[in-house]
Structure formats: structure tokens, C-alpha cells
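> got a sequence here, can you build the structure:
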Amino acid sequence: MAPEVANSDQPVLLVEEMEHVRLITLNRPRQLNVISSNMVTLLAENLEKWEKDDKAELVIIKGSGRAFSAGGDLKMFYDGRKSKDSCLEVVYRMYWLCHHIHSYKKTQVALVHGISMGGGASLMVPMKFSVVTEKTVFSTPEASIGFHTDCGFSYMLSHLPGHLGEFLALTGARLTGKELVAAGLATHFVPLEKLSDLEKHLVSLNSGDANAVKAAIEEFSVTVQPDEESVLNKQSTIDECFSKDTVAEIINSFEAEAKKEGNGWIGPVLKGLKRSSPTGLRITLRSIREGRKQTLAEALKKEFQLTINILRSTISEDVYEGIRALTIDKDNAPKWNPPTLDEVDDEKIDLVFKPFAEDLELKIQENKELRWDGKYECSAYPSFKATE
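Numbers count the residues shown, from 1 in each chain. Down below sits the predicted model:
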């Protein structure tokens, strides 16, 4: 694979090592820092190296340009649609990395401005400290394009209060910086004008002591509350609707609530929900519900098999149709197959959730001494690729 670059002379990941501080900058600003294959590899290599380096104490991650990260590289998935498992390696590496980010042994700080969506937010939410601003926008919109909530979010969203997780996963509703802090998906709110100064202060702190880092952030952070019209203040309605057993029942309940006085906010959300891939919605709801009962490792293994089955078009090509409509032709007129929830077969949904053979599972090492084992190159997949 040829090296990917942000433009003619810039690498996709900028890395600075300053005494006890390590600074990562996601550097694909024109593409809103979407996560490429090369970026995943470099992130994993550096994070492993620094966790094993006693001198490295604090890891800071940020995005260049006007976004933190808009998630996975959809064009990469689309371009590989005709080649068998063309994206399997990057998916494996990313989900394996997600587990290590959650359990990382050094103090991590994410400085998040602009868009932080889908897989991109997996570099924000699990951090020891995640700092957001008035310009931060979070969402998990995967179901709308025939995909599913991944990169650990079937686990993370399922553990939010009530049925907020189902709501965010199915609707792709956006949360602001204030809402992220209130929901527990970020730790601190810092005005954008102070974010650069905070970064400089953390670098000068030159320490990974969690209490010292927290105190340093709190010198710049402000206490915020969600606006009155925030979806976080609609929890009772969300719980009433999104606790239903099926997507169809959720939509019917949401429609009924939309007719009640004061529920004008539901209309646009409902419209987007109805335009989403029926298959993607069905898979996503089941995945979130399973995530509530799973460990993070179990959820990531499940998400890996879901992603590979979806990219293989095991039961539907909706993901490629969704990407085409959103980012290739940009006509925003996807033709889903099947086109309605009623036509999505239960047995086909079961098929994408069917566990892989043990040797083909995502390998997540629970033994702390061996935690960096299980890499893609140590899995069964490279040998399959070599024999093709």
C-alpha cells in the first residue's frame, strides 16, 4: 500500500515527542481527518511504543483544521466494494486499537473541536480526559447509511442513561459540547478561544499525573448546562419510545409522541429516522441492546463480525448504496434493499450476528502482560490473503 498523505507533502499523522509529553495531530484536514488505513497503523504503533516507554507520561490528541475526526474513510470502503475483504485489515486494526485506547495505561487527553463522529469519536470518548468546545459536534450516524454503530459505541452508548443510547444510535442525532459533558461522553468544556492555551499549558506541565492534568484543564474549563431545548431534557419521551422492542414499534411510538403539544423537535428527527436503511436500523438496534449485556471486548468482537459481514454484502448492499448517495453521487436518494422494515428478514439479521470461527475472531488479549498481542499480522487473516 502506498503511503497516504494529507496533501503533497504532509503525513496523515503528525507526532511530536517533548520530554514526558507526546502530541498526536490527525492530519487530513481536507477530508475532515477521516481515519485511513495508514492512520490506524501509525496510531497503534505510537501508542504501543509510548505505553512501554517510561519517559512518556502524557498523550495528547487533536485534529488539524476544522474537525477532530469525521470517522472512518467511507470512500475507502466504497472503492473496495468489488474486492474481497479489501478493508478487513484496517477494520481489524481499528477495533483492536479501540480496546487498547479504552485500557491505555498512560494519561490521555483529547482536545476536540469541530466534528467528532462515528469512529472518530472513539479517539475522544474513552480518553481519561476529553475536552470539548462550543464548536464540537458529535454523532453516530452509521445506521442511516446501512452500517451499524461501531468502534466500541454499541458498548458505550448502551451504557448511557435510560434508552438515550438507542436514540443516538438509530437517529444519528447530534450532541453539542455542552451536551457531551452532561451526558458523560466528555469530561470538560473549554471555550475554543482558550483551547490553544490549554494545549500549551499541558505541554509545559510535562507530567502525566492525572490529578495534575485534571487541575490544569480545570484552570481553563467552565461549567456548562445543556440548553433548555436539548434532547437530554427529553429523556422521558426518549425512554418511552426507544424502549420498545422493535424499530417499527419505536417509530410508531415516536410518531404518536410527535403529535403531542410541545414535541415539535421530534419531526425532523423522525424524518431522518424514516429515511435510514431499514437493514442498518435493525442491525443497530440489536447491537446496542446486546452491548448493554456485553463487556467492551465482547462488543468489539461482535462489531468486527458485523462490519465484515456488512462489507461482504452478506444480506444487503445497503452500506454501499448509502455511501454512494451521501458521498459519491451526493443525491441523498438511496434505494434501500429491502426498502421497508417489514421486508427485513429476521433470519438474515441473525446471519450477520452469527459468530465467526474462533480463529477468525478479533483477538483481544485480556492478559495484561500480553495486552499488545493479537495484532492483525498474528491473526489467521494474512495467511488466507497469501493463498488467494
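> dump stretch 366-380 to CSV, restricted to CA.
Below are the C-alpha coordinates for stretch 366-380, written out as CSV (Å, rounded to 0.1, in the frame of the first residue of the first chain):
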residue,chain,number,x,y,z
GLU,A,366,-7.3,-9.9,28.3
ASN,A,367,-4.0,-10.9,30.0
LYS,A,368,-2.5,-7.5,31.0
GLU,A,369,1.1,-8.9,30.5
LEU,A,370,0.2,-9.8,26.9
ARG,A,371,-2.1,-6.9,26.1
TRP,A,372,-0.4,-5.8,22.9
ASP,A,373,-0.7,-9.3,21.4
GLY,A,374,-3.4,-10.3,19.0
LYS,A,375,-2.4,-7.9,16.2
TYR,A,376,-3.7,-8.4,12.7
GLU,A,377,-0.4,-9.9,11.5
CYS,A,378,-0.7,-12.6,14.2
SER,A,379,-4.2,-13.5,13.2
ALA,A,380,-5.3,-16.1,10.7
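> pull out the buried residues from it.
Across stretch 366-380, burial judged by 16 or more other Cβ atoms under 10 Å covers Arg371, Gly374, Tyr376, Ser379. All C-beta atoms are positioned from the backbone trio N, CA, C, and that covers glycine.
> just how off-centre is that stretch within its chain?
Mean-position distance between stretch 366-380 and its chain equals 22 Å (Cα atoms, centre = their mean, to the nearest Å).
> and stretch 161-178, by the same measure?
13 Å.
> what number of residues are in the vicinity of the residue lying closest to Asp318 once chain neighbours are set aside?
Distances taken as Cβ to Cβ, 6 or more residues apart in numbering put Gly146 closest to Asp318, at 2.9 Å, once the chain neighbours are dropped. Gly146 has 27 neighbours, counted by other Cβ atoms under 10 Å.
> distance of the residue of the chain positioned farthest from its centre relative to Leu170?
Residue farthest from the centre of the chain, counting by Cα atoms, centre = their mean, is Glu261 at 34.4 Å. For Glu261, the distance to Leu170 equals 24 Å [Cβ to Cβ, to the nearest Å].
> got it, and Ser86?
Taking Cβ to Cβ, one finds Ser86 at 28 Å from Leu170.
> those two: which is more packed in?
Leu170 (27 against 15).
> now do the SS call for the more buried one.
helix (DSSP: H, G, I helix; E, B strand; the rest coil).
> hang on, it packs against Thr284?
Yes: using Cβ atoms under 8 Å, Leu170 makes contact with Thr284 at a distance of 6.0 Å.
> which neighbours do the two share?
Counting by Cβ atoms under 8 Å, 6 or more residues apart in numbering, the contacts common to Leu170 and Thr284 are Ala143.
> which element follows the helix or strand harbouring Leu300 toward the C-terminus?
Using DSSP states H and E, Leu300 falls within helix 296-311. Downstream of helix 296-311, the first helix or strand assigned by DSSP H and E is helix 318-323.
> give me the residues contacting that next one.
74-75, 77-78, 81, 144-147, 277, 279-280, 310-311, 313, 334-337.
> how about 7 Å then?
By Cβ atoms under 7 Å, 6 or more residues apart in numbering, the surrounding residues in contact with helix 318-323 are 74, 77-78, 81, 144-147, 277, 279-280, 310-311, 334-337.
> just the C-alphas of the helix or strand that that helix is followed by, formatted as CSV.
Downstream of helix 318-323, the first helix or strand assigned by DSSP H and E is helix 346-353. Taking Å, rounded to 0.1, in the frame of the first residue of the first chain, the C-alpha atoms of helix 346-353 are listed here in CSV:
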residue,chain,number,x,y,z
ASP,A,346,-35.2,-12.0,10.9
GLU,A,347,-33.2,-14.9,9.7
LYS,A,348,-31.0,-12.6,7.6
ILE,A,349,-30.4,-10.4,10.6
ASP,A,350,-29.4,-13.5,12.6
LEU,A,351,-26.9,-14.3,9.8
VAL,A,352,-24.8,-11.1,10.2
PHE,A,353,-24.7,-11.7,14.0
